[in-house]
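1. Fold the following, please.
(chains A and B)
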Amino acid sequence: MSATPHPLDLNVELVEQLLVRFLRIEARKFGFQRALLGLSGGIDSAVSAALAARAYGPEQVLGVMMPYRTSSPASEGDARTVAAALGIRLEKTDISAMADGYLSGLPDADRLRRGNVMARCRMIVLYDRSVPERALVIGTSNKTELLLGYSTQFGDAACALNPLGDLYKHQVWQLARHLGLPSEVIDKPPTADLFEGQTDEGELGFSYAEADGILHALVDERRSVDEVVQLGWARTLVERIVTRMAANQYKRQPPLVAKLGERTVTHDFRYLRDWGR
Amino acid sequence: MQPPMTRVSLAQIEPALGDLKKNLALHEAEIAAARAAGAQMVAFPELSLTGYFLKDLVAEVALAPNEGPLQRLADLSKDITIAAGWAERARDGRIYNTLGIFEDGRLIGAHRKVHLVTYGMFDEARDFAAGDRFRAIDSKHGRFGVLVCEDMWHLDGMWLHFLAGVDAILACSASPARGVPAGETQLRSQRTWNTIHEAAAALTQAHVLYVNRVGCEDGIVFGGGSRVVRPDGIEQARLEGLDAGRLMVDLDPTLVRRVRTATPLRRDEKPQLVIRDLRALEDQGEL
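-> The predicted model follows:
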């Protein structure tokens, strides 16, 4: 550990304790002792899998690899390495036929549409597979991704429990090292692997270090845009991130319900999901 | 001859959200365990009979005086003093976040949470009416000043209990675990609580009995960390970690007197000065 910790560094032992309890308790309340998740070979799903393995026991966790025909073979190799390191069960469902069954009729569909279809195919596989598995779908969206809206609604963002949602990417990396995940998974550039050569940072147009630093100052430290700029971040970048955060708020909310009556779901029918549990 | 020690059991439990029946059973089990261990008193966290993030459930689980679960606690208190929390439906329809003490088969006193926490993740003032007083409760085990969670974060309650000369501040919480920066050896929320407990004990020269809940409601993990701090501000005992547990302590009945003899804070307190200053500030429109 370096002498001066990064401002976003966490006490990872405590983080692990809290997240393992969260996974265990919230699953138990609904009668679940097992979990499954999409294992992409990337760092987010690796950390979620490691936490689930600690919460439920490795044999109770199923990792599902869901490559499309253009997916990088290296990603599959990394997913296998993660599953082997954690001792969790691993399955593979190729989504090419499923996705192409729809996409083959849409030659003009652009990269974004194609990527969203793939992400939603994977959601269908996980939710279907969760039934015979009697398992909850564990999410892999980190806080940076949630705040930027860098995910597919009803796709990779869909899950029952998300242990990573309050961890910035920097913190996911830190937790990954603490959890002893394979270094090749930690050190490779993050990618959604939806098309060849894609990287998160290339697609976003800024680095995770920039996004994390700016988001943390805005959201957690409640600084104004001017105050964040005074910290040394470029104003154009700060404003771009603020705009992006607001524009994607819809992805973080349930669908809007039009109010008619005296008591309306999502408006004034106020119960926790853990109602009665 | 010295009076006997009072053995208190702090029940760090995990209530179910909105399930009175299940939670009453949890109380019964903890009361039985405390009794078996020779405790004269057992204390539960804030809203121990109902769970915490109730929202619209508040009106559905609120209990009128002497309603079933409260009568049951009263009945169980014939040979052990019980402090527990519930949503109290008053006769006028207002619902309070209440912590009451049962003894010798009846409710001997109750505190309605004054400082409802309504910021960040909390929304209590929407769901509860606020209490409007701090009054000590006299038990056969001493004089108790009850403070419910956020009540501990304000000076007024502990000061009034200090003036009343309570032997113990009973601080009951449903406090979420949060704040995990590197360089901290414990949760930031727990560190802040510990500072408050020690300050409260040292300044009131009373025992601080802090009982917090554990478990998780919609992703929010409660911090546990129940603790006893002596009237000299020194920690006597604590529960580690975030799991359910039972903290059994013997309170030294001579310690309050000895600490107050050595350092007579109450003798030198000037409440009339405070009254005069408050009146003056009020007259000047500065309150």
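2. does the closest residue in space to residue B:235 that isn't next to it in sequence have beta-bridge partners, and which?
-> In this structure, residue B:235 finds its nearest non-sequential neighbour in residue B:229, 5.4 Å apart by Cβ to Cβ, 6 or more residues apart in numbering or on different chains. C-beta coordinates here come from the backbone N, C-alpha and C atoms, glycine included. Following DSSP bridges, residue B:229 is listed with bridge partners residue B:208, residue B:235.
3. how far away is residue B:229 from residue B:210?
-> Distance of residue B:229 to residue B:210, computed by Cβ to Cβ, to the nearest Å: 8 Å.
4. Common neighbours of the two, please.
-> residue B:197 (Cβ atoms under 8 Å, 6 or more residues apart in numbering or on different chains).
5. Which stretches in the chain count as helices?
-> Here I'm looking at chain A. With helices called from DSSP state H, chain A shows them at A:12-29, A:43-56, A:73-86, A:96-103, A:111-133, A:143-148, A:169-178, A:183-187, A:200-204, A:208-215, A:225-230, A:235-247.
6. sorry, should have said chain B
-> Under DSSP H, chain B gives helices at B:20-36, B:57-61, B:68-76, B:124-127, B:155-163, B:188-204, B:255-262, B:265-268, B:271-283.
7. closest one to chain A among the ones you listed?
-> helix B:57-61 (6.4 Å; Cβ to the nearest Cβ).
8. list the buried ones in the closest one?
-> Of all the residues in helix B:57-61, those buried under the rule 16 or more other Cβ atoms under 10 Å in any protein chain shown are B:57, B:58, B:61.
9. ok so, going back, what's the closest of the helices of chain A to residue B:267?
-> helix A:12-29 (43.3 Å; Cβ to Cβ).
10. Go through the closest one and flag the buried ones.
-> Those would be A:12, A:14-27, A:29, for helix A:12-29 by 16+ other Cβ under 10 Å.
11. And those, which is closest to residue A:219?
-> Taking the buried residues of helix A:12-29 together and measuring to residue A:219 by Cβ to Cβ, the closest member is residue A:15, at 17.7 Å.
12. Give me the nearest residue to the closest one, chain neighbours excluded.
-> Nearest to residue A:15 is residue B:180, by Cβ to Cβ, 6+ apart, at 5.2 Å.
13. Tell me the confidence at the closest residue to residue A:11 other than its chain neighbours?
-> The shortest distance from residue A:11 to any residue other than its chain neighbours is 4.9 Å, reached at residue B:180 (Cβ to Cβ, 6+ apart). You'll see residue B:180 listed with a pLDDT of 93.
14. Residue B:180 contacts residue B:186, correct?
-> No: assessed by Cβ atoms under 8 Å, residue B:180 is found out of contact with residue B:186, at 9.4 Å.
15. List the contacts of the residue nearest to residue A:11.
-> Contacts of residue B:180 (Cβ under 8 Å, 6+ apart): A:10, A:11, A:14, A:15, A:18, B:187, B:188.
16. Tell me the span between the first and last residue of stretch A:129-143.
-> Terminal residues of stretch A:129-143 are spaced 26 Å apart (Cα to Cα, to the nearest Å).
17. Residue B:102 bridge partners, please.
-> residue B:82, residue B:107.
18. quick one: residue A:241 and residue A:62, what's the gap?
-> 36 Å.
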